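>>> Below is the sequence, then the predicted model.
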Amino acid sequence: MSPGVTVAQTLRPARALAGITLSTALLAACSTTAGGDVGSDLEAAPSDTPTAAAQTEAAQTDATGAETTSAATTPEPTPTTPDPQAIRQVDPATLEWIWWQDFAAQEPVDVTAADEFGRTYTIGDPAYSDADGDGLEDMVVSLAQLDGNGYREQWFLWLAEAEGAPTQVLPPVTGMARCGDAVESVEPTEGGFLVREFLREPIIDDHLDCAATGTYEVTRRVGAVRDGDTTLLVDLADPRGYGGLCPTHPRTEIAPVTVWGGLTPRIDAALTIDGEERFLIPTHGHTMTAGAEPMLLASTWAVGESFGDRICVWIDPVRYEG
């Protein structure tokens, strides 16, 4: 009890509150006897009784008179919006790289040192674009492997994540090799990356010397779609088509057939072309598409178009027997 405050002064508020409570009870009884609406009378009458919120607030005032802040009134933290260009701050040399041999073999590599076979790796200049439509820029960057006189270079897509390091997408977007295909450029474009390639075509380009580029010129746009834990490369000209390197195919007369094909060499994968009448011919064998047997990569184009309008899909040859 504070100095100068008597017991009678302390009890007066309590007696007053008791009087209010008793008066309220008598009024309620009278209203009930008269057939009135108790709820409406009570709602209309102002109450001097402290509310639960007021009692809670009073309970949160400490002995010194300072108010504490309840958990219910603490502002929720605002999630941080990812920087759309955060991947530009990533040094590709710090990433954990996978080298692509073919669909049956990939291996992690240390790009900062020679491996046990004396092979060395060089990272190219990155290009940036949002390839999967999530609002974050992604990166395409090349990784070159020097193996004695052998030389291979592959362009990989790295997808930016809202949290953590970027994710490398396999297979590569494109690739080149000594005495093989040549990549002129990989540049950003709307929705992904623009690839310009010169592919070597068997028989037609057999007369070329090793240093010459192939005669089959390809310009294509590549994006990506996420399928659960898997990311698939797509042809932006027609997203039903595979977005990785598509080799040339034999120049031969063919008739339209019913086509079933998809974006990945898995027999159980969803079909992007399902029973459509189109031209179809399997592509030539290639190191970038090997190791996917029994699945085959095939060129396909609509009836009324030319093979210059082709897209490529993975097919199960068993569907076409007979």
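That came in fine, so what should we check first?
>>> Specify the local secondary structure of Gln168.
strand (DSSP: H, G, I helix; E, B strand; the rest coil).
>>> Secondary structure element holding His249?
Using DSSP states H and E, His249 is not contained in any helix or strand.
>>> Apologies, that question was intended for Ala113.
Ala113 belongs to no helix or strand, assigned by DSSP H and E.
>>> Need the pLDDT of the residue nearest to Leu146 when sequence neighbours are not counted.
Distance criterion C-beta to C-beta, 6 or more residues apart in numbering; nearest residue to Leu146, sequence neighbours excluded, is Thr120 at 5.1 Å. (Each C-beta comes from the backbone N, C-alpha and C, glycine too.) On pLDDT, Thr120 comes in at 97.
>>> ok, so what distance separates Thr120 from Asp110?
10 Å (C-beta to C-beta, to the nearest Å).
>>> domain parsing for this protein?
For the chain, the structural domains run 7-64, 86-320, going by automatic domain parsing.
>>> Just give me the lowest mean pLDDT stretch among these.
domain 7-64 (a mean of 41).
>>> Could I get the full set of strands for the stretch 201-322 of the chain?
216-227, 230-235, 257-261, 273-282, 296-302, 311-315 (DSSP state E, counting those that start in this stretch).
>>> give the contact list for the residue nearest to Leu146.
Counting by C-beta atoms under 8 Å, 6 or more residues apart in numbering, Thr120 touches 113-114, 145-146.
>>> Try it again at 10 Å.
111-114, 144-147 (C-beta atoms under 10 Å, 6 or more residues apart in numbering).
>>> If Trp97 is in a bridge, with which residues?
Counting by DSSP bridges, Trp97 is bridged to Val109.
>>> and it, how many neighbours?
If you count neighbours by other C-beta atoms under 10 Å, Trp97 ends up with 20.
>>> With Pro247 as the reference, measure out to it.
24 Å.
>>> Asp205 now?
From Asp205 to Pro247 the distance is 12 Å (C-beta to C-beta).
>>> Which of the two has more residues huddled nearby?
Under the criterion of other C-beta under 10 Å, the comparison of Asp205 against Pro247 puts Pro247 first, with 22 against 16.
>>> Tell me how far the more buried one lies from Cys210.
18 Å.
>>> Val186 too?
23 Å.
>>> With Leu232 instead?
Applying C-beta to C-beta, the value for Leu232 to Cys210 is 34 Å.
>>> Between those two, point out the one with more neighbours.
Leu232 (21 against 7).
>>> is that one in a bridge, and if so with what?
Val225.
>>> Surely it is in contact with Leu159?
No - applying C-beta atoms under 10 Å as the test, Leu232 and Leu159 come out as separate, 11.6 Å apart.
>>> so what's Gly192 up against?
Gly192 makes contact with 129-133, 138, 140, 157, 173, 220-224, 233-236, 243, according to C-beta under 10 Å, 6+ apart.
>>> Select only the buried ones of the residues you listed in ChimeraX?
Buried residues among the contacts of Gly192 (16 or more other C-beta atoms under 10 Å), as a ChimeraX selection:
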select :129,130,131,132,138,140,157,173,220,221,222,223,224,233,234,235,236,243
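>>> what ranges do the helices span in this protein?
Here the chain has its helices, by DSSP state H, at 7-33, 38-44, 52-59.
>>> ok, how many other residues are close to Gly214?
So Gly214, with other C-beta under 10 Å, has 19 neighbours.
>>> just Thr167 next, same as before
For Thr167, using other C-beta under 10 Å, the count is 15.
>>> Tell me which residues touch it, please.
95, 138, 157-161, 226, 231.
>>> Write down the beta-bridge partners of it, one by one.
Leu159.
>>> burial of the nearest residue to Ala86 once chain neighbours are set aside, as a residue count?
Nearest non-adjacent residue to Ala86, counting by C-beta to C-beta, 6+ apart: Ala160, 6.4 Å away. Residues within reach of Ala160, counting by other C-beta under 10 Å, total 26.
>>> if I pick Ala160, what's in contact with it?
Going by C-beta under 10 Å, 6+ apart, Ala160 touches 82-88, 90, 128, 130-132, 134-139, 166-167.
>>> Check Asp206 too.
Counting by C-beta under 10 Å, 6+ apart, Asp206 has contacts Arg200.
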